[in-house]
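Engineer: Got a predicted structure plus its sequence, pasted below:
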Amino acid sequence: MIRMKFAGGDKMSLSFVDRSGWNSIKYDSIYRKYGKDVIPAWIADMDVATAPEIIEEFYKRVSHGAFGYTFRSEEYYSSIVNWYRSRYNFELQADWIVDGIGVIPMISILVNALTDPGDKIIIQPPVYPPFFSIIRKNNRTLVENRLVKTDSGYVMDIEHLKRVVDSRTKAIILCNPHNPVGRAWTLNELSELYKIAIDRNLIIISDEIHGDIIYSPDRFTTILKAGLPNVIVLNSPGKTFNMPGLNNSYGIIPDENLRKRYLEFVSRYEIGSSNIFGITGLQIAYSKGSAWVDKLLEHLLKNRNVAYEFLRGNCPLIDVNLPQATFLMWLDCHKLNLQDPQRFFLEKARVYMNNGKDFGDPHSIRLNFACSTETLIEILSRIKKAYDSAL
């Protein structure tokens, strides 16, 4: 039985789900390791049930009873094109789209298809941990172009980027919007990056899975608006509609040669298929889910502001970064002089957050605020008590 708690009474209300007892990585893996008194606020999935339209379509699909091999229809690809037109104000060509089983597996495929062992690949820490491991595990050379923290937020270090690129540098993996700091990169910033890529013949692999989770007045800008040659975009409705477990994604590769190399690699290893519900979920999400996303953003904006104001007012030694995008908040704890901030708040607050060390910054932690406001307030209250004990 699905156990839900509703935020409001209208048809478009969000449903908050008790995630425990379903082998949830976010909840059950933490409960088994640390106990059920811990509140998980870490891995980037949400506590909301997906859009009702998607659930209804899944019921229809289940009632059919047969779950044979399924192809992606023209309507499937049209839904992606229409989503980019309506949500991102970008006109996409359907033949640029390639299939995938997840954004991270697609990055790994692209690294292998487009670069050689020993080639250099740039990432911009603090950044999503798999970016590090994909490069290292595939015997490429990791080059860091660390983000610079300013009074107005994090920015790309363009001058340093120019210096670290050499003849063995083949690609840069971009996180847009950026996880964990929540930057929504502007067209000017992306254009600067793109100019370097074109001048130095770098491929930009842009992970844009958080692109729908954006807070007004900021806007999401796909790297495709900066230029098409040398650009690959990877995306999925998994984060937006809280269905990452369905393992379905897509890439946008305008360059015919790069697209061909990706498809040849996928064909060689027979890894291009996906599951029925991933295919169905994407098509319904992108064709019927826009209003639900708007409702979700209202809630996430409220939670973002609650968390930011509370932590700024009650925990002044924690440098709180206000995210323009994502449902993740980056907390810089270096002023607290904690040896391990994640361990401290786990033990003292019984709140489990991501360890900043995995992102390239051992003095920070990442808070997931995509939960009910009631749960968030309890999390914040616990953090404050632990914070007070550290002074």
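Structural biologist: Right, received. Where do you want to start?

Engineer: Surely Val98 is in a strand?
Structural biologist: Yes. The assignment for Val98 is a strand, going by DSSP: H, G, I helix; E, B strand; the rest coil.

Engineer: Tell me what it is bridged to.
Structural biologist: Taking DSSP bridges, one finds Gly251 as the beta-bridge partners of Val98.

Engineer: shouldn't it be in contact with Pro254?
Structural biologist: No. Here Val98 does not reach Pro254: they are 11.0 Å apart, not a contact under CB atoms under 8 Å. All C-beta spots, glycine's among them, are computed from the backbone N, C-alpha and C.

Engineer: Residues in contact with stretch 158-170: which ones?
Structural biologist: 114-116, 118-122, 141, 143, 145-146, 172, 192-193, 196, 200, 202-203 (CB atoms under 8 Å, 6 or more residues apart in numbering).

Engineer: Which strands and helices lie in contact with the strand or helix carrying Tyr308?
Structural biologist: Following DSSP states H and E, one finds Tyr308 within helix 290-314. Counting by 3 or more CB pairs under 8 Å, 6 or more residues apart in numbering; DSSP states H and E, the packing neighbours recorded for helix 290-314 are strand 14-17, helix 74-88, strand 319-320, strand 328-332, helix 373-390.

Engineer: Select, out of these, the one closest to Gly289.
Structural biologist: helix 74-88 (9.0 Å; CB to CB).

Engineer: ok and the closest one relative to helix 290-314, angle-wise?
Structural biologist: Angle of helix 74-88 versus helix 290-314, following axes from the mean of the first three to the mean of the last three CA atoms, to 10 degrees, is 40 degrees.

Engineer: so what does helix 74-88 touch, helix or strand wise?
Structural biologist: For helix 74-88, the packing partners by 3+ CB pairs under 8 Å, 6+ apart come out as strand 97-100, helix 276-288, helix 290-314.

Engineer: Recalculate using a threshold of 7 Å.
Structural biologist: With contacts taken as 3 or more CB pairs under 7 Å, 6 or more residues apart in numbering; DSSP states H and E, helix 74-88 sits against helix 276-288.

Engineer: what mean pLDDT does the helix it packs on have?
Structural biologist: What helix 276-288 shows for mean pLDDT is 98.

Engineer: can you check stretch 101-113 too?
Structural biologist: 98.

Engineer: Report the buried residues of the helix holding Tyr308.
Structural biologist: Under the neighbour-count criterion of 16 or more other CB atoms under 10 Å, helix 290-314 has 292-293, 295-297, 299-300, 303-304, 307-308, 310-311 buried.

Engineer: Next, the residues that contact that helix from outside, please.
Structural biologist: 7, 12, 14, 48, 51, 86, 212-213, 215, 240, 318, 320, 322-323, 327, 329, 367, 369-370, 373, 376, 380, 384 (CB atoms under 7 Å, 6 or more residues apart in numbering).
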